[in-house]
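S.K.: Predicted model and sequence below, questions to follow.
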Amino acid sequence: MAIRRIKQILQSHPSSDGDGVKIQRIHGFDNGLFSPFLMLDELKSDTPDDYIGGFPSHPHRGIETLTYMLNGHFQHKDHMGNTGELRDGGAQWMSAGRGVIHSEMPVMSDGKLHGFQLWINLPAAKKMLPAQYHDFQPEEITEKAFNTKNLIRIIAGDLTIKGETLTGPLQKTGVPTTIADWQAGSGETFGSCLNPDFQAMLYVYKGEIEVEGTTVIAGQMAILDQGEGLALSALKDSGVLLLSGIPIDEPVVHYGPFVMNTMDEINQTIQDYQNGTLIDD
């Protein structure tokens, strides 16, 4: 089995979004190796001023978002009447499709806030479908503990480890994906099969890991080459997001909260929003 190696390392950078929320961001709108993913934001703070404004009501079209909270709550409201509040360890998925208008508010838990929002592209054939929303509380996330210092959590898709296939609660992303969180103590290892048709990347949010002889530190995204397997070693107490999925071989045109395939489609989206016709009645 060919084990995947690191092809490229990307460094996250400080940014802000919403009403001044401070984040660390990595995006790949113009990087085909990032597909089907578009952007990953990490929210981490013990200071309310960093996020207190949250993400007031705003639109999206053409993407999915997956929010995953390690520490803290995340409140969601949208035009479809959906409301949800994640607890520590939960996730929420939204497919904007042809249009959604929603707001999001992060809330500390025990003085901590640490979570992520991942943008996933939609193929052209699904960009104008009706919007959808679903949240998954922590007890719904599939977990496998190998020992007290080695845990894998499967959020989306499935992962095969030593002949056992673990299936996450989210199974209806626009293209097939596997999204997981590996939490490990120093010296622990992890190995799994990985669909050879998937592109894959690893975001280290804590500690330091080694992938086939190459070190990746916290705040870095490692884009992997093709292969059938994954082998990781934790050099320190570490946390790693595994993001993998079928690439979407289509043009990507990004404008603010909208991601379409052509500039004409972006212009139409802006016009729809201004005219009040972005969302379904």
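M.R.: Good, I have the coordinates. Residues are numbered from 1 along each chain as shown.

S.K.: so where's this structure uncertain?
M.R.: 19, 48-49, 51-52, 54, 108, 281 (pLDDT under 70).

S.K.: Nearest the middle, which residue of it would you pick?
M.R.: L118 (2.8 Å; C-alpha atoms, centre = their mean).

S.K.: Give the partner strands of the helix or strand that residue falls within in its sheet and their orientations.
M.R.: Secondary-structure assignment from DSSP states H and E places L118 in strand 113-121. As defined by DSSP bridges, the strand partners of strand 113-121 come to strand 37-45 (antiparallel), strand 63-71 (antiparallel).

S.K.: Can I get those strands in JSON lines including distance to M260?
M.R.: (Glycine included, C-beta is placed from N, CA and C.) Below are the strands paired with strand 113-121 laid out as JSON lines (distance: least, C-beta to C-beta, whole Å):
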{"stretch": "strand 37-45", "distance to M260": "12"}
{"stretch": "strand 63-71", "distance to M260": "10"}
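
S.K.: how about those strands in JSON lines, adding distance to T189 and mean neighbour count?
M.R.: Shown next, in JSON lines, are these (distance: least, C-beta to C-beta, whole Å; neighbours: other C-beta atoms under 10 Å):
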{"stretch": "strand 37-45", "distance to T189": "24", "mean neighbour count": "21"}
{"stretch": "strand 63-71", "distance to T189": "22", "mean neighbour count": "23"}
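
S.K.: Of those, which is nearest I266?
M.R.: Comparing these against I266 with C-beta to C-beta, the closest turns out to be strand 63-71 (12.6 Å).

S.K.: Show residues contacting the following helix or strand past that closest one.
M.R.: Following strand 63-71 in sequence order, the next helix or strand is strand 73-78 (DSSP H and E). Outside of strand 73-78, the residues within contact range by C-beta atoms under 8 Å, 6 or more residues apart in numbering are 67, 82-88, 90, 92, 94, 100-109, 115, 131, 133, 135.

S.K.: any idea how far strand 73-78 is from the chain center?
M.R.: Centroid separation between strand 73-78 and its chain, computed with C-alpha atoms, centre = their mean, to the nearest Å, is 16 Å.

S.K.: Neighbouring strands - and their directions - for it?
M.R.: Checking strand 73-78 against DSSP bridges gives partners strand 83-86 (antiparallel), strand 100-107 (antiparallel).

S.K.: Deepest-packed of these, please.
M.R.: The highest mean neighbour count among the strands paired with strand 73-78, using mean count of other C-beta atoms under 10 Å, belongs to strand 100-107: a mean of 20.

S.K.: Pull the residues that contact that strand.
M.R.: 18, 21, 43, 51, 54-61, 67, 72-80, 82, 85, 94, 113, 115, 131, 133, 278-279.

S.K.: Buried among these? Need that as a selection in PyMOL.
M.R.: The PyMOL selection below is limited to those of those classed as buried (16 or more other C-beta atoms under 10 Å):
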select buried, resi 18+21+43+51+54+55+59+60+61+67+72+73+74+75+76+77+78+79+80+82+94+113+115+131+133+278+279
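
S.K.: Tell me how many other residues crowd G163.
M.R.: Residues near G163, counting by other C-beta atoms under 10 Å, number 6.

S.K.: Please verify my assumption that Y203 contacts S244.
M.R.: No: the criterion here is C-beta atoms under 8 Å, and Y203 misses it with S244 at 11.7 Å.

S.K.: just to revisit the earlier point, leaving aside the residues adjacent along the chain, what's closest to the residue nearest to the centre of the chain?
M.R.: Closest residue to L118 apart from its sequence neighbours, by C-beta to C-beta, 6 or more residues apart in numbering: L66 at 4.5 Å.

S.K.: Quick one: closest of the strands paired with strand 113-121 to I154.
M.R.: Closest among the strands paired with strand 113-121, using C-beta to C-beta: strand 63-71, at 11.7 Å.

S.K.: Please export the alpha-carbon coordinates of that closest one; PDB is fine.
M.R.: Extracted in PDB, the C-alpha atoms of strand 63-71 (Å, rounded to 0.1, in the frame of the first residue of the first chain):
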ATOM      1  CA  ILE A  63     -20.700  26.300  -1.100                       C
ATOM      2  CA  GLU A  64     -21.100  24.100   2.000                       C
ATOM      3  CA  THR A  65     -19.700  25.100   5.400                       C
ATOM      4  CA  LEU A  66     -18.800  22.700   8.200                       C
ATOM      5  CA  THR A  67     -18.200  24.100  11.600                       C
ATOM      6  CA  TYR A  68     -16.500  22.000  14.300                       C
ATOM      7  CA  MET A  69     -16.000  23.100  17.900                       C
ATOM      8  CA  LEU A  70     -13.400  21.700  20.200                       C
ATOM      9  CA  ASN A  71     -14.200  24.100  23.000                       C
END
